[in-house]
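Visitor: Could you look at this predicted model? Sequence included:
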Amino acid sequence: MNDAEFVAALPKVELHVHLEGSMWPSTLRALVDKHGLQDFPSDEAGLREWFEFRDFPHFIEVYLKSITTLIDEDDFSRLAYDSITALATHNTRYAEMHVSLFGHLMRGVDASVVFDGIEDGRLRAERDSGVVVRWIPDFPGDFGLDAANRTLDAVLADRRDSVVAFGIGGIEVPREPFGPVFRRAIDAGLHSVPHAGETEGPDRVWSAIRDLGAERIGHGIAVMQDPALVELLREQRIPIDVSPTSNLRTRVVRTVAEHPLPAMIDAGLLVTLNSDDPSMFGTDLTREYRAALEMGLDRRAVATLATNAVDASFIDPELGRSIREEIQQLM
């Protein structure tokens, strides 16, 4: 089989994909029309152009604007269903999706509306596509400690079995102040999966591990600036969820040739491949795996990335074993 066939055949697990960042232009357009919203591009072509980002802050601005289209339970159900069934087209078997819960709470949308909607969409999508999804509610760090506590309070008050972890994203502010919130989440049985080391330096990753009890790092590309941190991550096998196209689209990395993914793998880090915000960045998991081959990785290294995602996940052990066996057959 050729490389394209190999990537298509590879069973995949995705650990860093945002539900709201998976809102395809057709879904967004339908929600804009449904609610009669203004100040959005008038067609799908315009929406795709709207998703051209100058830098990371501009991406956040567009992201927050786009989620204002999510108002009622049916909106969240449609978004979840459309996003999850889209994952199935890339032979994705399992995903842990971030949900920007505070982005909805701050607009006056009740957490029960969000959870009832996404759970309905998740269950329908699993029935129709076979993709198993679990949720990671998060909050933007730049909105402060109140946002962190409100988000966790909402999660714990309306706890669903499909919620497996707690996260922090947004503008990459210092992580230390959020330590007590994450300790409370961990005590409640949630895993800690913060973003860190995306737009800021390795100090954010150190803090995520030390202060937030991070079990997995979102993005984390700045770790290569600190050999001591690389050694710690390698020894403790703390996974890093890397999203190459995202880094290019938000201008965090200038060119494919400069992306640290190959160096991270050479350093022995437990790295996974992810799409982050696929519709906004014009990518998907298939493209990310093809990009890894284009960076010079061989098929065995790419298959190892797929296995890493299983190992780094909070997947049901039986499903995890099944996916690992399928990957092994392709190596």
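Guide: Yep, it's here. Residues are numbered from 1 along each chain as shown.
Visitor: so where's the stretch 201-331 of the chain shaky on pLDDT?
Guide: Filtered on pLDDT under 70, the stretch 201-331 of the chain yields no residues whatsoever.
Visitor: contact partners of stretch 306-313?
Guide: Applying CB atoms under 8 Å, 6 or more residues apart in numbering, the contact partners of stretch 306-313 are 10-15, 94, 96, 216, 239, 241, 270-273, 289, 320, 323-324, 327-328. For glycine as for every other residue, the C-beta is placed from the backbone atoms N, C-alpha and C.
Visitor: Could you list which of those belong to strands?
Guide: Among those, the residues falling in strands (DSSP state E) are 12, 13, 14, 15, 94, 96, 241, 271, 272, 273.
Visitor: surely the fifth one meets residue 319?
Guide: Yes. Counting by CB atoms under 8 Å, residue 94 sits close enough to residue 319 to count as a contact (6.3 Å).
Visitor: out of the two, which sits in the busier spot?
Guide: Using other CB atoms under 10 Å, the more surrounded residue of residue 94 and residue 319 is residue 94, with 24 against 15.
Visitor: per-residue confidence for the more buried one?
Guide: pLDDT, residue 94: 98.
Visitor: circling back to that earlier point, can I get the buried part of the contacts of stretch 306-313 as one PyMOL selection?
Guide: The PyMOL command for the buried members of the contacts of stretch 306-313 (criterion: 16 or more other CB atoms under 10 Å) is given here:
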select buried, resi 10+11+12+13+14+15+94+96+216+239+241+270+271+272+273+289+320+323+324+327
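Visitor: residue ranges for the strands of the stretch 51-200 of the chain, please.
Guide: Taking DSSP state E, counting those that start in this stretch to define them, one finds strands in the stretch 51-200 of the chain at 92-99, 132-140, 165-169, 191-192, 195-196.
Visitor: And the helices in the stretch 101-250 of the chain?
Guide: Using DSSP state H, counting those that start in this stretch, the helices of the stretch 101-250 of the chain run over 101-105, 111-129, 144-157, 179-187, 202-212, 227-236, 244-249.
Visitor: if we can go back for a sec, now the strands of the stretch 51-200 of the chain as CSV including distance to residue 113?
Guide: CSV is the format used below for those (distance: least, CB to CB, whole Å):
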stretch, distance to residue 113
strand 92-99, 12
strand 132-140, 14
strand 165-169, 20
strand 191-192, 25
strand 195-196, 25
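Visitor: Mean neighbour count, those: which tops it?
Guide: Mean neighbour count (mean count of other CB atoms under 10 Å) peaks for strand 195-196 among these, with a mean of 29.
Visitor: Next one: residue 147 from residue 284, what distance?
Guide: 30 Å (CB to CB, to the nearest Å).
Visitor: which residues are common contacts for residue 94 and residue 319?
Guide: Contact with both residue 94 and residue 319 is made by residues residue 132, according to CB under 8 Å, 6+ apart.
Visitor: Can you give the contact residues for stretch 170-188?
Guide: Contacts of stretch 170-188 (CB under 8 Å, 6+ apart): 56-57, 60, 139-143, 145, 148-149, 152, 155-156, 159, 166, 168, 192, 194-196, 198-200, 204, 207-208, 211-213.
Visitor: Please list only the buried members of those.
Guide: 56, 60, 139-141, 143, 148, 152, 155, 166, 168, 192, 194-196, 198-200, 204, 207-208, 211-212.
Visitor: Now tell me what touches stretch 276-287 from outside.
Guide: Stretch 276-287 has contacts (CB under 8 Å, 6+ apart) with 7-8, 12, 14, 16-18, 20-25, 48, 51, 53, 59, 62-63, 66, 86-87, 89-90, 92, 243, 245-246, 249, 273-275.
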